[in-house]
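J.: structure for the following, please:
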Amino acid sequence: MSENLLQNINNPSDLKKLEPSQLPQLAKELRDFIIDVVSVKEGHLGASLGVIELTIALHYVFETPNDLLVWDVGHQAYGHKILTERKDIFHTNRQLGGISGFPKRSESVYDTFGVGHSSTSISAALGMAISSQLKGENKHHIAVIGDASIASGMAFEGLNHAGVTDANLLVILNDNAIGIDPSVGALKNYLTSVKEGKNPKQNNMIKSLNFDYSGPIDGHDFEALISELERLKKVKGPKFLHIITTKGKGLQQAEEDQVKYHAPGKFDKTTGEIHPKSEENLPPKFQDVFGWTLVELATNNPKIIGITPAMPSGSSLKFMMDAFPDRAFDVGIAEQHAVTLAAGMATQGMVVFCNIYSTFLQRAYDQVIHDVALQNLPVIFCLDRAGLVGEDGATHHGVFDLAYLRCIPNMIIYAPKDEIDLRNILYTASLGLHHSIAIRYPRGRGKHSNSKFQIPNSKFEKIEIGKAHLLKNGTKIAVLSTGFIGNNVSLAFDKISNADAIAHYDFGFVKPLDEKLLHEIFNSFETIITIEDGVIKGGFGSAIIEFASENNFKNTIKTLGIPDDFIEHGTVEELQQMCKIDVKSLEKLFSTI
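T.: Residues are numbered from 1 along each chain as shown. Okay, here's the model as predicted:
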């Protein structure tokens, strides 16, 4: 049996001691190592398996960390982490206190740029390259970007600038025709024609941007990869290498079902079979309630449109894409375009549901203000993954939306406390509103039986805009919650002996606030506690404090939520505990009242 190579490799210096002929064996061992860990610990799988040869070749040919390597998004960086001094702690990936699932500057000198959202690698690497040039340093700067990410506007902005510089920049296009879902759009069709040899060389769009273009080459062929990387080291100015890879390479099921094996959960490392999770009697996922409800509403309203930027499966807009393909659009990784596309449709009387993860709507903030709110267009923003999302960590937590949307005029903000509320607000919005609305709901499951949400289900109730509700009477203190986190409050009440002293109000609408009810609350209770799963600074609690100040109330107000810090990765329960908004922390707080 041949010697295990990976066990003796802790960093790229160790890697360079190998002969080129040994690299295929190392690639197999590295794939097996990732599969062994991810099958038990969970995480992103297919993307890292697809770039194993490229990862090894880059660290073999270049002098990292002196040469600067930037990964786009970072789903594909597991092999990179293992080869750069984190092999022994890789099993802690995405766990509380462990290493991040994405490249992170504070974690390693080999992680040159922190990533989590796509399409930033070219701009970042170009910034590094120009800086090296100004400092008189002789370094290489490599950006690895996928075919889904390069279709984003920001990637084109980086290419556009790089093409008029003489910066020592190498852009590597990892072309596997898939991001999280299959890549879409005209650029994807262009890249397919290049791969198939149908596109004439004189029609090469990358060359026309003044890049030295080479490829496409087989991204799993070490000889071809190393030969071309060595050649490109000697080429001056901006360079572009197009490689073809297979996402999930080395695990048959991951190659055959690339969407499911992007982040498959726990699976059998030998067979690749995903361990089934029983969903019997479990509440539905919020994303599925959104997807089912939208299909139901669209069946009866031909003006309803669905839009998502590259997340049809994650958002469950795929249900509508299957049912009404002419009225549901995956626009690729292009949040800015998604928002302004929705605005354009809204000007023509369409009822547009723009489904974007909370963390990704940050990328289209100007469009929300300038193209939607300023023109008072009734776009319906459905913000999936609002609040703490767990193991994906700081780049993915949807905790800023209440704060960054609340300050925008002509914006309604609503957070359903459960799936029934989500259905009803979607229905209400579909009837027509005078302003745009942001509906924020969490990752994961709701609280009601799955059987309530089978389609068709015509039981809808119109929600009164701006109306808050008393959930539970109390004598001494009022707790004001918004959204799903309010269920933690209710669960805490079940565990304490003095629950009668605490009233509980559900403020689904963070904007507009129910000021009539707030006057009653502030006149009835000396102490007010607010709770939200968003940042405290500028969020729901801030809105309540503003109300109190404007109306000269002197009540004691305590705000609970996400502190003024970036929250790292861990389970949702662990992170809520850190922020003191979990059930046990609330029990402890309420027990002292």
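J.: strands along the stretch 301-450 of the chain, start to end?
T.: 304-308, 328-330, 351-357, 380-384, 411-414, 436-440 (DSSP state E, counting those that start in this stretch).
J.: of all those, which lies closest to Val399?
T.: Val399 sits nearest to strand 436-440 of all the strands of the stretch 301-450 of the chain, at 10.3 Å, using CB to CB. (Each C-beta comes from the backbone N, C-alpha and C, glycine too.)
J.: how close does Ile420 get to Leu294?
T.: 16 Å (CB to CB, to the nearest Å).
J.: if you could redo that for Leu426, that was the one I meant.
T.: As judged by CB to CB, Leu426 and Leu294 stand 7 Å apart.
J.: and those two? Which one has more around it.
T.: Using other CB atoms under 10 Å as the criterion, Leu426 and Leu294 rank with Leu294 on top: 27 against 23.
J.: how many neighbours does Gln577 have?
T.: Around Gln577 there are 16 residues (other CB under 10 Å).
J.: buried residues of the helix ranked longest in the chain, list them for me.
T.: The single longest helix within the chain, with elements called by DSSP state H, is helix 23-41. Of all the residues in helix 23-41, those buried under the rule 16 or more other CB atoms under 10 Å are 23, 26-27, 29-31, 33-35, 37-39, 41.
J.: and which of the residues you listed is nearest to Leu251?
T.: Leu251 has its nearest neighbour among the buried residues of helix 23-41 in Ile35, at 6.2 Å by CB to CB.
J.: show me the contacts for the closest residue to the closest one other than its chain neighbours.
T.: The spatial neighbour of Ile35 that comes closest, neighbours along the chain excluded (CB to CB, 6 or more residues apart in numbering), is Lys269 at 5.1 Å. By CB atoms under 8 Å, 6 or more residues apart in numbering, the residues touching Lys269 are Ile35, Asp36, Ser39, Val40.
J.: look at Glu255 and report its pLDDT.
T.: pLDDT for Glu255: 78.
J.: show me what contacts the closest residue to it other than its chain neighbours?
T.: Using CB to CB, 6+ apart and skipping residues adjacent in sequence, the residue nearest Glu255 is Gly248, 4.5 Å away. Counting by CB under 8 Å, 6+ apart, Gly248 makes contact with Leu45, Gly46, Leu49, Gly50, Ala254, Glu255, Glu256, Gln258, Tyr261.
J.: low-confidence ranges, this structure, go.
T.: Low-confidence regions of the chain, defined by pLDDT under 70, span residues 1-2, 178-179, 200-202, 450-458.
J.: point to the residue nearest the middle of it.
T.: His396 (4.7 Å; CA atoms, centre = their mean).
J.: distance check, that residue against Thr359.
T.: The gap separating His396 from Thr359 is 5 Å, by CB to CB.
J.: repeat for Asp564
T.: Distance, Asp564 to Thr359, by CB to CB: 18 Å.
J.: which of these two has more neighbours?
T.: Legend: neighbour count by other CB under 10 Å for Asp564 and Thr359, higher for Thr359 (23 against 8).
J.: was I right about that one contacting Tyr404?
T.: No. Taking contacts as CB atoms under 8 Å, Thr359 lies outside contact range of Tyr404: 11.2 Å.
J.: just checking: what are the partner strands of the strand ranked longest in the chain?
T.: The longest strand of the chain (DSSP state E) is strand 527-535. Partner strands for strand 527-535, per DSSP bridges, with pairing direction: strand 477-481 (parallel), strand 556-562 (parallel).
J.: please identify the most buried of these.
T.: Highest mean neighbour count of the strands paired with strand 527-535: strand 477-481, a mean of 25 (counted as mean count of other CB atoms under 10 Å).
J.: distance from the chain centre to that one, please.
T.: Strand 477-481 sits 31 Å away from the centroid of its parent chain (CA atoms, centre = their mean, to the nearest Å).
J.: ok, then the element right after that strand?
T.: Per DSSP states H and E, the first helix or strand lying C-terminal to strand 477-481 is helix 486-493.
J.: can you list the residues that contact that next one?
T.: Helix 486-493 has contacts (CB under 8 Å, 6+ apart) with 417-418, 447, 471-472, 479, 481, 499, 502, 504, 506, 531, 576, 581-584, 586-587, 590.
J.: got it, and stretch 117-134?
T.: 68, 70-73, 112-113, 115, 138-139, 141-146, 148-150, 152-155, 157-159, 161-162, 165-169, 171, 179, 333, 359-360, 363, 395.
J.: those, buried ones only, as a PyMOL selection?
T.: Only the buried members of the contacts of stretch 117-134 enter the following PyMOL selection, criterion being 16+ other CB under 10 Å:
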select buried, resi 68+70+71+72+73+112+113+115+139+141+142+143+144+145+146+148+149+150+152+154+155+158+159+161+162+167+168+169+171+179+333+359+360+363+395
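J.: what's the ChimeraX line that selects buried ones from the contacts of Gly248?
T.: The ChimeraX command for the buried members of the contacts of Gly248 (criterion: 16+ other CB under 10 Å) is given here:
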select :45,46,49,50,254,255,258,261
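J.: Glu42: neighbouring residues, count only.
T.: The number of residues packed around Glu42, counting by other CB under 10 Å, is 18.
J.: do I have it right that it meets His262?
T.: No. Assessed by CB under 8 Å, Glu42 is found out of contact with His262, at 11.9 Å.
J.: any idea how far the closest residue to Pro309 other than its chain neighbours is from Phe353?
T.: Spatially, and ignoring its direct neighbours in sequence, Pro309 is nearest to Ala338 (4.3 Å; CB to CB, 6+ apart). Remark: distance between Ala338 and Phe353 (CB to CB) = 11 Å.
J.: also Gly153?
T.: According to CB to CB, Gly153 and Phe353 sit 22 Å apart.
J.: and the helices in the stretch 451-593 of the chain, which stretches?
T.: Applying DSSP state H, counting those that start in this stretch to the stretch 451-593 of the chain gives helices spanning 486-493, 515-524, 540-550, 572-578, 583-591.
J.: run through the neighbouring helices and strands of the last one.
T.: The elements that helix 583-591 packs onto, with contact taken as 3 or more CB pairs under 8 Å, 6 or more residues apart in numbering; DSSP states H and E, are helix 486-493, helix 572-578.
J.: contacts for that helix, please.
T.: Outside of helix 583-591, the residues within contact range by CB under 8 Å, 6+ apart are 488-489, 491-493, 495-499, 502, 529, 531, 576-577, 580.
J.: swap in 6 Å and give it another go.
T.: With contact meaning CB atoms under 6 Å, 6 or more residues apart in numbering, helix 583-591 is reached by Asn488, Leu491, Ala492, Lys495, Ile496, Ile502.
J.: repeat that for the second one.
T.: Taking contacts as CB under 6 Å, 6+ apart, the residues outside helix 515-524 that touch it are Ala468, Ala478, Phe547, Phe553, Asn555.
J.: swap in the shortest one?
T.: Under the contact criterion CB under 6 Å, 6+ apart, helix 572-578 has outside partners Leu96, Leu388, Gly390, Ile567, Asp582.
J.: convert the C-alpha atoms of it to PDB, please.
T.: Provided in PDB are the C-alpha atoms of helix 572-578 (Å, rounded to 0.1, in the frame of the first residue of the first chain):
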ATOM      1  CA  VAL A 572     -28.800  29.000  15.900                       C
ATOM      2  CA  GLU A 573     -29.400  27.900  19.500                       C
ATOM      3  CA  GLU A 574     -25.800  28.600  20.500                       C
ATOM      4  CA  LEU A 575     -25.800  32.000  18.900                       C
ATOM      5  CA  GLN A 576     -29.100  33.000  20.400                       C
ATOM      6  CA  GLN A 577     -27.700  32.000  23.800                       C
ATOM      7  CA  MET A 578     -24.600  34.200  23.200                       C
END
